[in-house]
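**Student:** let me see the structure of the following:
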Amino acid sequence: MKSRLTTAQPWLSTVARIFLAGVFLYAGWPKFTDSEGTVRSVRAFKLLPEAVVRPFAYGLPMLELVVALVLLLGLATRIAALVTAALMAMFMFGIVMAWARGLNIDCGCFGNTGAAAVDPVGGYIRDLLRDSGLLLLALLLARWPFSRLSLDGMLGITEPVPAASRG
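**Tutor:** This is a model prediction of the structure:
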């Protein structure tokens with residue numbers, strides 16, 4: 001069993017890397033193309049001082065798109081996975097804080113505008129479950145960053161675990 005898992009690990013990491021890249025492309029592009037909507041969404045959480053809202057709202061989608069590109073290329077995969085995990089933890093913190101303070105907002109995760117949510121509790125639970133899964137996937141990728149079709153592999157940055165140390 002362990003041998004099959006060891007053989008499959010690079011492909012599982014590849015799927016995780018490409019999936020996370022797709023999620024961040026899907027989440028970052030609408031925020032990037034609608035910067036004012038992103039500002040409204042960030043402001044709706046009421047977590048940041050007003051002076052920081054615009055820089056954060058402009059920088060977040062750019063960071064998401066850079067992380068997506070780096071994951072897609074498979075470059076510095078462990079670092080990109082850790083940045084992904086940190087972003088997921090930050091997003092979850094924001095959702096929990098909005099829920100705890102009784103805010104009735106859409107998370108803005110995929111480019112929404114911070115408008116009132118129809119079912120905030122159900123939405124918050126759904127968002128937290130989704131983000132928990134993505135956080136776990138990012139942490140697993142950080143633990144096992146060696147993947148196929150990656151610049152890390154081509155450049156010899158991340159090597160598979162040698163067979164002698166596996167067992």
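**Student:** which residues in this protein form helices?
**Tutor:** If you assign secondary structure with DSSP state H, the helices in the chain sit at 2-33, 35-44, 50-73, 77-100, 120-143, 151-155.
**Student:** lowest average pLDDT across those helices?
**Tutor:** The stretch with the lowest average pLDDT out of the helices of the chain is helix 151-155, scoring a mean of 71.
**Student:** who touches that one?
**Tutor:** Helix 151-155 is contacted from outside by 73-77, 145-147, 157-158, using C-beta atoms under 8 Å, 6 or more residues apart in numbering. The C-beta positions use only the backbone N, C-alpha and C, and glycine is treated the same way.
**Student:** before we move on, what about stretch 60-76?
**Tutor:** The contact list for stretch 60-76, computed with C-beta under 8 Å, 6+ apart, reads 14, 17-18, 20-25, 27-29, 31-32, 35, 38, 42, 77, 80-81, 83-84, 87, 147, 149-153, 157.
**Student:** any idea how far Ala44 is from Asp131?
**Tutor:** According to C-beta to C-beta, to the nearest Å, Asp131 and Ala44 sit 17 Å apart.
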